[in-house]
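*Asks:* everything below, folded, please.
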Amino acid sequence: MQWGEKERDLQYMKDYQPHNEEAQHLRVLLHGPVGAGKSSFINSVNSVMQGRMTDAALVDSAFGESFTQKYTTYKIQKGNPRTFYPFIFNNIMGLEKDTNKGVRPEDIKLAMKGRVRDGYKFNPISTLSKEDQGYNSCPTVDDKVHVLVCVIPADAVSLLSDEVVGKMRDIRLAASDMGIPQLAILTKIDEACPEVDKSITNVYHSKLLKTKMEEFSSKLGIPLNCIFPMKNYSSEICLEDDTDSLILCALRQMIDFGEDFLNNMDTREDVAQDRPGLQKAVRKRQLKCKTSPAQHRGIKRQKR
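*Replies:* Next up is the predicted model:
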């Protein structure tokens, strides 16, 4: 971890623009158990990028059940209120142990495919169907998820139930099948480790946190270099450079992984076109959406 590089990383975010012509933004989907800190992470990123404390994503400090109920998209303001960074975050209902509580893994899989419309209220009892108003029958590149991020509290890694781990593992395997890159954020590191609570710069010297990261890696299968220890802003009223650096480090990795995914999308589509079965499916989808890929790209360029 290179401390003191905050301005360099901020400039990197300001200069970023997706190279894929069909993508106006890069979409990051956050998922994890109830109370993991998904909303707090979105607020923390927003605060760092705007240089002041923000609370766009509502947070419930007295959580018992998931406070987030809808599929919600968050944009990060860039300069004036009508300008935004070309990366967005989606927050969802938290995962829970019981079958009929929390978000269903099938809904998260649909969200990764771009099938869930913004504002859809999750139903823990039944999965989103094609007949529901919240179902997107013709997702674009912008609608799909480009990076999947699992959020987990550092002090709760050992307490994760087998049921929740099983759901997260199922979601991870589905993302892998789609080629979606995956990262993990280990939140509340200051609460899990006294040394980090004294100074955030002790984060990569903490044997306790290293053990927590290794334990989580073995449970979910995410490599250690894709797990980022994090402290979200919660009680602070002013920004701190070292905390900002940790947040920006994780954010930069998300953007880099998502950009690679977007750049490789054309290659994956070319391979699909060479397969008779997949080619038939592509033609069927084009007819259903009443738009060819060439027409779709033309519409995108006109919008720009």
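
*Asks:* when you work out contacts or count neighbours from here on, use the C-alpha atoms and nothing else.
*Replies:* Fine.

*Asks:* compute the number of surrounding residues for residue 254.
*Replies:* 24 (other CA atoms under 10 Å).

*Asks:* check contacts around it.
*Replies:* Contacts for residue 254 were tallied using CA atoms under 8 Å, 6 or more residues apart in numbering; they are 28, 147, 183.

*Asks:* residue contacts, the nearest residue to the second one once chain neighbours are set aside?
*Replies:* The shortest distance from residue 147 to any residue other than its chain neighbours is 4.8 Å, reached at residue 28 (CA to CA, 6 or more residues apart in numbering). If a contact means CA under 8 Å, 6+ apart, then residue 28 has 87-90, 145-149, 254, 258 as its contacts.

*Asks:* mind doing that once more with 10 Å?
*Replies:* By CA atoms under 10 Å, 6 or more residues apart in numbering, the contact list for residue 28 reads 73-74, 87-91, 112, 144-149, 182, 251, 254-255, 258.

*Asks:* how about residue 140?
*Replies:* Each residue near residue 140 by CA under 10 Å, 6+ apart is listed here: 22-23, 113-115, 296.

*Asks:* list phi and psi for residue 40.
*Replies:* Here is the backbone geometry of residue 40 (degrees, to the nearest 10): phi -70, psi -30.

*Asks:* pretty sure it is touching residue 55, no?
*Replies:* Yes: contact status for residue 40 versus residue 55: in contact at 8.1 Å, counting by CA atoms under 10 Å.

*Asks:* ok, the two, which is more surrounded?
*Replies:* Taking other CA under 10 Å, residue 40 and residue 55 do not tie; residue 40 has more neighbours (23 against 14).

*Asks:* which SSE is residue 254 in?
*Replies:* Per DSSP states H and E: residue 254 is located in helix 241-273.

*Asks:* cool, residue 151 as well?
*Replies:* strand 147-153.

*Asks:* closest to residue 5 out of the contacts of residue 140?
*Replies:* Using CA to CA, residue 23 comes nearest to residue 5 of those, at 28.6 Å.

*Asks:* what's the neighbour count on the nearest residue to the closest one once chain neighbours are set aside?
*Replies:* Distances taken as CA to CA, 6+ apart put residue 142 closest to residue 23, at 5.4 Å, once the chain neighbours are dropped. Residues lying near residue 142 (other CA under 10 Å) number 15.

*Asks:* so what pLDDT did residue 142 get?
*Replies:* Per-residue pLDDT puts residue 142 at 95.

*Asks:* same deal with residue 26?
*Replies:* Looking at residue 26, its pLDDT is 97.

*Asks:* quick one: the helices in the protein?
*Replies:* Taking DSSP state H as the criterion, the chain contains helices spanning 6-15, 38-50, 105-112, 162-178, 189-192, 194-198, 207-220, 241-273, 276-289, 293-303.

*Asks:* so residue 20 touches residue 146, yeah?
*Replies:* No: contact criterion CA under 10 Å: residue 20 and residue 146 do not qualify, at 11.9 Å.

*Asks:* who has more neighbours out of those two?
*Replies:* Just comparing residue 20 and residue 146: by other CA under 10 Å the higher neighbour count belongs to residue 146, 30 against 18.

*Asks:* and residue 204, how far is that from residue 189?
*Replies:* Using CA to CA, to the nearest Å, we find residue 204 at a distance of 11 Å from residue 189.
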